[in-house]
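Student: Build me a model:
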Amino acid sequence: MRVALINEGTYPYVLGGVSTWCDQLVRGLTGVTWNLVTMIGPASLTPALELPDNVASLTAVPVWGSPRAPRRRRIQAAARLFTGMLGDSPTHQHLFRLALRELAMVHQADVRPLCVQCQRFPATCTRHGIAGRHPLYGLALAELLLEAWQTASLDLPPLTLRDADEAVLLIEHAVRPLAAVLPPVDICHANANGLSSLVALAAKWRSRVPFIMTEHGVYLRERYLSARDLRPGVKVAVLRFHRALARLAYAEADVVAPVSGFNRRWEIRHGADPSRIVVIPNGVDPQRFPPLEEEPPGPPTIAWAGRIDPLKDLHTLITALKVVRESIPDARLHLAGPVPAGNEDYAASCHTLVASLGLNNAVTFAGPVPSSRQAFAAGHIAALSSISEGMPYTIVEAMMCQRATVSTDVGGVAELVGDAGMVVPPRDPAALGRACVELLSSKDLRDQYASLGYDRALDRFTLGRCLDAYREQYKLLVQA
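Tutor: Numbering: from 1, shown residues only. Purely as a prediction, here's the structure:
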């Protein structure tokens, strides 16, 4: 069985998070021949890990770069794309689909799979040739968007030429994955909505390849969160595009496999057919996260593991420590995880907040660790303060390690934790701090939650169960 695993900016170029899920799938389903497709920024990225033998190819699809200009016949499709994305009616949705389908069918870029063995050479090797033409590059897109905006009978904010220029730049780059050409495969597996699903949509339209979509977080919701700083006209244009794309992908996917019931509800709200949705929770290998037999010596410590990222809302967790120390003066916070490229300013803001709250001697920035288990070993409890999640690995891993957990109620966290941990509202340092105080003040309560969490993780969230579920869905798609 040949499967194209499609993702945006993660596996195999970035480690952790969704990349962990990808690597588990690739290494766990040994009977599958994998063709990896990854949307990247700079074309010079190289894989961050050695790929297993069942990976046949790696296709890097640059979203930013200097492509060749396509022919002008794309203008009509672009006009339909902008008109279709702005509205909510079936007619608008039909126009949007027609536009993307035409761009996929008549324009295939020179984006070729890379031989996995060639990954030992720099990605800038002239043999790799990963830059190519792109569907909307070179067109007068700002004028087309302004025309669609002015003729739409919709309540839209004003759109200036400057706004239109900024919006179409973002949309033009977002559409580029449509041009990716895949090797022959039996199934496409997009590990998110949005850009990953564009590649799967194109393969389905061109070659009738069925596709399954996994959603870890809710892609559309995360686009809303990331668009906060855009000017009103730009924000509406970009979000209307992503909303139309998300709805189209939900409608076209043969199987939608969210990691939680929370994601499922969001997908149904945006047009996914409930009969095509199969919830498949993430899984953890119990052998990699055996129980921690002892608590660490020293002061009461809250452990956190993850990437330093605004979505993880470390500001709330750091502020919560200030609340905790009002009741437990010697309490500490242990933060373990990398600072991804582009997040340096956010990491600096965390250090600044620590200093402004007088917590320099109470917070440890431990940096990357080989395993989250190492981070949890440094704490008496494990905390998650995110404002957006799907089904976070770190909480399952903490439960496997028999650490009591305190988490924010986002995404599928509440259904993941159940009655085996404490859940508080997001962006509420006082509530998070009070929950941490309650756990840090009672070893009996910590032991109770640690035991409940361990049993729940073993029963519902093992890697074996996850792999078996995907193996079954692949078989059903190939047989259909």
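
Student: could you show me where the strands are in the stretch 351-480 of the chain, in order?
Tutor: For the stretch 351-480 of the chain, the strands defined by DSSP state E, counting those that start in this stretch occupy 363-367, 381-384, 404-408, 422-424.

Student: so can I have CSV of these showing distance to Ala104 and mean pLDDT?
Tutor: To be clear about C-beta, it is placed using only N, CA and C from the backbone, and glycine gets the same treatment. CSV is the format used below for the strands of the stretch 351-480 of the chain (distance: least, Cβ to Cβ, whole Å; pLDDT from 0 to 100):
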stretch, distance to Ala104, mean pLDDT
strand 363-367, 43, 97
strand 381-384, 39, 98
strand 404-408, 39, 98
strand 422-424, 42, 98
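
Student: Is it possible to get those out as JSON lines so that each row also shows mean neighbour count and distance to Asn282?
Tutor: Formatted as JSON lines, these follow (neighbours: other Cβ atoms under 10 Å; distance: least, Cβ to Cβ, whole Å):
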{"stretch": "strand 363-367", "mean neighbour count": "15", "distance to Asn282": "24"}
{"stretch": "strand 381-384", "mean neighbour count": "28", "distance to Asn282": "14"}
{"stretch": "strand 404-408", "mean neighbour count": "27", "distance to Asn282": "15"}
{"stretch": "strand 422-424", "mean neighbour count": "21", "distance to Asn282": "18"}
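
Student: Could you save those strands as JSON lines and add columns showing distance to Asp165?
Tutor: Shown next, in JSON lines, are these (distance: least, Cβ to Cβ, whole Å):
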{"stretch": "strand 363-367", "distance to Asp165": "40"}
{"stretch": "strand 381-384", "distance to Asp165": "39"}
{"stretch": "strand 404-408", "distance to Asp165": "38"}
{"stretch": "strand 422-424", "distance to Asp165": "43"}
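
Student: Nearest to His242 among these would be which one?
Tutor: Among these, strand 404-408 comes nearest to His242, with 24.2 Å by Cβ to Cβ.

Student: Show me the contact partners of the closest one.
Tutor: The contact list for strand 404-408 (Cβ atoms under 8 Å, 6 or more residues apart in numbering) reads 302, 313, 316, 380-387, 392, 395, 398-399, 413, 417, 420-427, 432, 435-436, 439, 445-450, 453.

Student: before we move on, what about stretch 74-87?
Tutor: Here stretch 74-87 makes contact (Cβ under 8 Å, 6+ apart) with 92-100, 102-103, 107, 135-136, 139-141, 144-145, 147-149, 151-152, 154, 156, 175, 240-241, 243-245.

Student: Mind splitting this structure into its structural domains?
Tutor: 2-71+102-137+164-276, 286-461 (automatic domain parsing).

Student: Mind telling me which of those domains the model trusts least?
Tutor: Mean pLDDT is lowest for domain 2-71+102-137+164-276 out of the domains of the chain, coming in at a mean of 83.

Student: Span of it from start to end?
Tutor: Length of domain 2-71+102-137+164-276, first residue to last, Cα to Cα, to the nearest Å: 22 Å.

Student: switch to numbering from 31
Tutor: Sure thing, new numbering starts at 31, so read that last one as domain 32-101+132-167+194-306.

Student: How far off centre is that domain?
Tutor: Put simply, domain 32-101+132-167+194-306 sits 11 Å off its chain's centre (Cα atoms, centre = their mean, to the nearest Å).

Student: Also stretch 393-401?
Tutor: Put simply, stretch 393-401 sits 22 Å off its chain's centre (Cα atoms, centre = their mean).

Student: Now tell me what touches it from outside.
Tutor: 318-319, 335, 348, 351, 362-368, 380-381, 384, 405, 408.

Student: Now, these that are in helices?
Tutor: 348, 351, 380-381, 384, 405 (DSSP state H).

Student: now these: which count as buried?
Tutor: Buried subset of the ones in helices among the contacts of stretch 393-401 (neighbour count, 16 or more other Cβ atoms under 10 Å): 348, 351, 380, 384, 405.

Student: what's near enough to touch the fourth one?
Tutor: With contacts defined as Cβ under 8 Å, 6+ apart, the neighbours of Val384 are 348, 390, 393.

Student: with the ones in helices among the contacts of stretch 393-401 in mind, which one is nearest to Tyr43?
Tutor: Comparing the ones in helices among the contacts of stretch 393-401 against Tyr43 with Cβ to Cβ places Ala405 closest, at 23.3 Å.

Student: wouldn't the closest one be in contact with Trp334 here?
Tutor: Yes. With contact defined as Cβ atoms under 8 Å, Ala405 reaches Trp334; the gap is 7.2 Å.

Student: okay, and the common contacts of these two?
Tutor: In contact with both Ala405 and Trp334: 364, 366-367, using Cβ under 8 Å, 6+ apart.

Student: What's the biggest helix in the chain, counting residues?
Tutor: helix 262-282.

Student: That helix: which residues count as buried?
Tutor: Buried residues in helix 262-282 (16+ other Cβ under 10 Å): 263-280, 282.

Student: now stretch 49-58
Tutor: Judged by neighbour count using 16+ other Cβ under 10 Å, the buried positions of stretch 49-58 are 49-56, 58.
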